[in-house]
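Peer 1: quick one: sequence plus predicted model below, questions after.
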Amino acid sequence: MPGKMSNIGLLICVFTLMSITGLAGALLRILSFGTLIPFNQKYLISWSSRVTLKMIGMQLELPDWKPSDDRLHFITFNHNSYLDIFALTALSMPNTRFLLSEKTIRIIPFTLSAIAIGVYYIPQQFRPQRRLWFFKKMEKRIKNRQVNIAGSSEGVHDHHHGIDRFNRGVYHMALVCDMVIDPLYIHIPEESNPFSKYKPFARGKIQVFKLDSVDTRGWTLEHLDAHKDSVRELYVRKFNALNEKQVS
């Protein structure tokens, strides 16, 4: 019981910090008509994410990497913990907008932070028409605004220790928009990963690895599923190299 109570207190502190910095960032975005989104990404939310992970006892190891300016980038990642988003926003990637499921909107502290950094919300898969309309609009927006996109290849799924199936929509987007795919592999030891459920936090380390970039200029829509699966294979190999449990 004492451990559970202390964990509840820690969660309250985390959500309070996120609410304060998220609200401040949202106000800065609104008052600046969006011009301070890069400031929020680089300083405010990045700092909040690092402090949050430190508060819950998680060390953070990030790659010395940023997306280049010469091409548009789709930065993708494996997603099996709600801690992932803290590690990714801590990277403070320039000229990058995140994709986030509409499922998360009800979590107010996350939503405030999302507003602050200009997140785009994806309709869930049980709304196929809205989802298709979203991606068509996204592709036009990427080309017009010349902005990088960061999003999970796995999308909404039950978090588990492994690599889930990859969704097709984000890879169609990357192909149509002539984007370089930059895979980031997030490694959280199984014993330190709260996954999606409430449980006492186990101290540990989150490591983010930059995998080999993939150029979509040689891709075709006809072979999109094969291209998507080849990117997933990069994650499977990295997972198997870092974990005793093997996936395929």
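Peer 2: Sure, I can see it.

Peer 1: quick one: terminal-to-terminal distance for stretch 205-223?
Peer 2: Distance between the two ends of stretch 205-223: 37 Å, counting by CA to CA, to the nearest Å.

Peer 1: go on, stretch 37-45?
Peer 2: Stretch 37-45 has an end-to-end distance of 10 Å (criterion: CA to CA).

Peer 1: do stretch 171-180 as well
Peer 2: Span of stretch 171-180 from end to end, CA to CA: 11 Å.

Peer 1: by contact count, what packs against the helix or strand bottoming out on mean pLDDT in the chain?
Peer 2: Every helix and strand in the chain was compared by mean pLDDT, DSSP states H and E; the lowest is helix 2-31, with a mean of 85. Applying 3 or more CB pairs under 8 Å, 6 or more residues apart in numbering; DSSP states H and E, we find helix 2-31 packed against helix 45-55, helix 108-117. C-beta coordinates here come from the backbone N, C-alpha and C atoms, glycine included.

Peer 1: need the ones you listed in a markdown table with mean neighbour count and distance to Asp69, can you?
Peer 2: Shown next, in a markdown table, are the helices and strands packed on helix 2-31 (neighbours: other CB atoms under 10 Å; distance: least, CB to CB, whole Å):
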| stretch | mean neighbour count | distance to Asp69 |
| --- | --- | --- |
| helix 45-55 | 19 | 19 |
| helix 108-117 | 21 | 19 |
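
Peer 1: quick one, strands of the chain?
Peer 2: Using DSSP state E, the strands found in the chain span residues 58-61, 73-77, 96-101, 120-122, 148-152, 180-187, 204-210, 214-215.

Peer 1: using PDB, list the CA coordinates for the third one.
Peer 2: Taking only C-alpha atoms (Å, rounded to 0.1, in the frame of the first residue of the first chain), the coordinates of strand 96-101 have been written out as PDB:
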ATOM      1  CA  THR A  96       8.700  18.300 -37.100                       C
ATOM      2  CA  ARG A  97       5.000  17.700 -36.200                       C
ATOM      3  CA  PHE A  98       3.800  14.600 -34.400                       C
ATOM      4  CA  LEU A  99       0.900  12.300 -35.300                       C
ATOM      5  CA  LEU A 100      -1.200  11.200 -32.400                       C
ATOM      6  CA  SER A 101      -4.300   9.100 -32.100                       C
END
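
Peer 1: which ones are touching the closest residue to Phe166 other than its chain neighbours?
Peer 2: Once flanking residues are discounted, Phe166 sits nearest to Ser153: 4.2 Å by CB to CB, 6 or more residues apart in numbering. By CB atoms under 8 Å, 6 or more residues apart in numbering, Ser153 lies in contact with Thr76, Phe77, Asn78, His79, Phe166, Asn167, Val170, Tyr171, Lys228, Val231, Arg232, Tyr235.

Peer 1: what would the helices and strands packed on helix 2-31 look like in a markdown table with mean pLDDT and distance to Lys245?
Peer 2: Listed next are the helices and strands packed on helix 2-31 as a markdown table, based on pLDDT from 0 to 100; distance: least, CB to CB, whole Å:
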| stretch | mean pLDDT | distance to Lys245 |
| --- | --- | --- |
| helix 45-55 | 95 | 24 |
| helix 108-117 | 95 | 29 |
